[in-house]
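Engineer: Sequence plus predicted model, see below.
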Amino acid sequence: MGVTGLLPNLKEIQQAGTLERYRGTTLAIDTYGWLHRSVVSCAHELCMDIPTKKYINSILKKIEMLQHFGVTPYFVFDGASLPTKSETNLERKLKRQQARQQAETYMKQGNSKLAFKEFMKAASVTHAMAKSIMVELDNLGIKYVVAPYEADPQMVYLEKLGIVDGILSEDSDLLVFGCRRLITKLKDDGTCVEINRDDFVKVRSIPYLGSYTAEQIRLVAMLSGCDYTKGVGGIGIKSAFTLVRKYNNLQKITLALQSEGKQIPQDFKYQIDCANLAFQYQKVFHPESQKLMTLNEYPERHDLDMEVVELCCGKSLDNETYIRLCNGEINPNTHELLVSREQSLASLKSNSMTLKPAPSDAVATTANRSRSDIPKRSIIDMLSPTTPEKRPFKRPNVVYKTHDMKLSPTIKKIHKLTSSSPAEGISSKFFIKSTPEFDSSMLSDSSEVPDNSSPLKVNTATEEDVVTDEDIKDNEYYESSINSKGFELSDDDGEEIEESPVKTTTTTEEYVTRFKASLRERFMCDSTYAASTILKPHDINVPTKGPPVKATTTSTTTTIDIRQFAFKR
DNA sequence: CGCTAGTACTCAA
DNA sequence: GTACTAGCG
């Protein structure tokens, strides 16, 4: 999605060119972006679990192009979905399911044209597909990393470390994350467009763009709508920039908007706080030291509530898990062994034959299966959509409570809880004036390491309307607490959730409590969804005992998940 | 003038 | 998921 309207407004500084310009350099590849586009060519196959190599070939083609220009690609894959984004994911999944049903309806009616259109909407990029690409990358000796969570901060982190010299992606959010050199609109002929952060000063269509701090740009993105916030209705990128320049702090902006009669979402302040955390401190992986890190370091003296941070920026599981995850060995969400889609389907095919009288070619697969720790189940059992899986792997460091599948009444309760204070909204409780020990880095740019080192800051005082020190002093602050325990974390894939009462403490941490309640509400939405359906093909891979897939996609000696049949129905 | 929302397209034998 | 554009305030 990205920040809508940002790229068109940066037209003046978009440098058209070709990949030739990047000869000898290494570029981070937003792999899911490429995959998403290639999905179109095989949407039907993907939806119907039919083997295909079209999406793999389109990636290989792009790799050839990069290598033709002497560019070294560094592929970055998306990892686990952030808990706070489960709401969006839920909506998308529902829409895909609907499209898929619609597609099959059209198929039955013989309307293949409309059916394919729906298949296009229904197809999604799965981790198993990503694994297919990783297998190819292994063969080609091309480096890649699976982000612990989102690819965007991971790519910016690689750029920050100097591991890559730029980022190839269509996502304008990268600029909000702090990307310095964004290469977009790559065509098959190698032409592309570069957006350089250092050129922000030259943008005239957005006055004084160069003098906005990273924090202010985040606020602009959050006001106009980005991946983490829906934004305020009627406020696009232009108005957002103007508002931030004029008022600088959210409280004033909110008041101004409200006086104009603009409707501001009830939980907007939570969205903003969460987005602010996710933009700055999302979990990333250091590929050289093989360690889990954060995009930017936490401020030296901070009182961030780490529970909240874990929800917004991703969890800190044990490093071993992340080593496996970020090297593509396990499914980022379920942590089950990751098998490439095509290998899964090849095995699935031979497995299905075991149901028939003459399973001559299924011996290897059966043998393989017998020494795996997959529970023996009949295919009928596996088709049953109502049995939630018990996953055997352990997840240290996080305490899980038993889950309750019937959550809808509770959701309503939480809904009431979070919307019970309409009047105070954003204006009162959102930002609390800085307490003596509060580290203002949450919302001031003091934590913006990349920006402080930026030459942009030097020559910003030439214009009349720049943000003055006074404005910054007048900035808002976000208060957080370390000790308030409102709830506990649910597990990774959001398929389980615990019940725990939201404690409305009478302490000064009321804000945090509400914040958590809000997050929890979103979390629960997703869990309810997950509990009521198992149509998540990419999340239900059963671990195999076989070695990690290093061969080409043609090798067929691994067990697979027969439950994918369930998805077909 | 800017914003929104609807539509079209993403690949490729 | 993005690009483009007609039509709205």
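Structural biologist: Arrived safely. Not measured: the values here are computed from a predicted model.

Engineer: Neighbours of A:Leu140, how many?
Structural biologist: By the criterion of other C-beta atoms under 10 Å, A:Leu140 has 12 neighbours. For the C-beta atoms, the positions are set from N, CA and C on the backbone; glycine is no exception.

Engineer: Contact partners for the nearest residue to it once chain neighbours are set aside?
Structural biologist: Nearest residue to A:Leu140 in three dimensions, chain neighbours excluded: A:Ile63, at 6.8 Å (C-beta to C-beta, 6 or more residues apart in numbering). By C-beta atoms under 8 Å, 6 or more residues apart in numbering, the contact list for A:Ile63 reads A:73, A:140, A:142.

Engineer: for A:Ile63, helix, strand, or coil?
Structural biologist: helix (DSSP: H, G, I helix; E, B strand; the rest coil).

Engineer: ok, back up a step: any idea which of the contacts of A:Ile63 is closest to A:Gln290?
Structural biologist: Minimum distance to A:Gln290 across the contacts of A:Ile63 is 18.3 Å, recorded for A:Ile142 (C-beta to C-beta).

Engineer: What values do phi and psi take at A:Ile29?
Structural biologist: phi -110, psi 130 (degrees, to the nearest 10).

Engineer: same deal with A:Tyr22?
Structural biologist: Dihedral angles (degrees, to the nearest 10) for A:Tyr22: phi -110, psi 20.

Engineer: From DNA strand B, how far out is A:Tyr281?
Structural biologist: Going from A:Tyr281 to DNA strand B by C-beta to the nearest atom of the strand, to the nearest Å gives 28 Å.

Engineer: Pretty sure A:Leu295 is one of the things that residue touches, is it not?
Structural biologist: Yes. The criterion here is C-beta atoms under 8 Å, and A:Tyr281 meets it with A:Leu295 at 6.3 Å.

Engineer: Could you see whether DNA strand C lies near the strand or helix carrying A:Pro73?
Structural biologist: Taking DSSP states H and E as the criterion, the element that holds A:Pro73 is strand A:72-77. No. Counting by C-beta under 7 Å from any atom of the strand, no contacts exist between strand A:72-77 and DNA strand C, the nearest distance being 13.7 Å.

Engineer: Which residues of the stretch 151-300 of chain A lie near DNA strand B?
Structural biologist: With C-beta under 7 Å from any atom of the strand as the criterion, the stretch 151-300 of chain A meets DNA strand B at residues A:188, A:205, A:224, A:231, A:233-240.

Engineer: Select from those the one having the most neighbours.
Structural biologist: Within those, A:Ala240 tops the neighbour count with 25 neighbours, counted by other C-beta under 10 Å.

Engineer: residues contacting that one?
Structural biologist: Contacts of A:Ala240 were listed using C-beta under 8 Å, 6+ apart, and they are A:219-221, A:223-224, A:231.

Engineer: any idea how far A:Lys113 is from it?
Structural biologist: Separation of A:Ala240 from A:Lys113 (C-beta to C-beta, to the nearest Å): 40 Å.

Engineer: All the strands of chain A, residue numbers only.
Structural biologist: Ranges of strands within chain A are A:14-18, A:26-30, A:72-77, A:144-146, A:166-168, A:181-184, A:191-196, A:283-286, A:291-294, based on DSSP state E.
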